[in-house]
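Asker: okay, here's the prediction I keep looking at, along with the sequence it came from:
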Amino acid sequence: MGRYRPPAPPKSPYITAYGYEQLKKEEKALWIRRRDVTIALSAAAAEGDRSENAESGK
């Protein structure tokens, strides 16, 4: 007797179209924030200050 299991039948979608759009908006905002944080971190590194006491960009 093998361990083979046939593929499960298709299920209902787990996310609505509205939920998907919200996630896409959040992803876009996070990439923009990441860019800004990277710029700030690069500037701090150029000045030699990467400590946790450095100016935060919040």
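Answerer: Here it is on my side, so go on.
Asker: please identify the helix or strand for K24.
Answerer: Using DSSP states H and E, K24 sits within helix 17-46.
Asker: tell me, how many neighbours does A44 end up with?
Answerer: Residues lying near A44 (other CB atoms under 10 Å) number 16. Placement of C-beta: from N, CA and C, glycine included.
Asker: how near is it to V37?
Answerer: Distance from A44 to V37, counting by CB to CB, to the nearest Å: 10 Å.
Asker: same thing with P9?
Answerer: Taking CB to CB, one finds P9 at 44 Å from V37.
Asker: the more surrounded of these two?
Answerer: Between P9 and V37, counted using other CB under 10 Å, the more crowded position is V37 (13 against 5).
Asker: okay, the more buried one: pLDDT?
Answerer: Listed pLDDT for V37 reads 93.
Asker: and the gap between it and A43?
Answerer: V37 sits 11 Å away from A43, going by CB to CB.
Asker: and what of P10?
Answerer: Taking CB to CB, one finds P10 at 50 Å from A43.
Asker: and these two? which has more neighbours close in?
Answerer: A43 (13 against 6).
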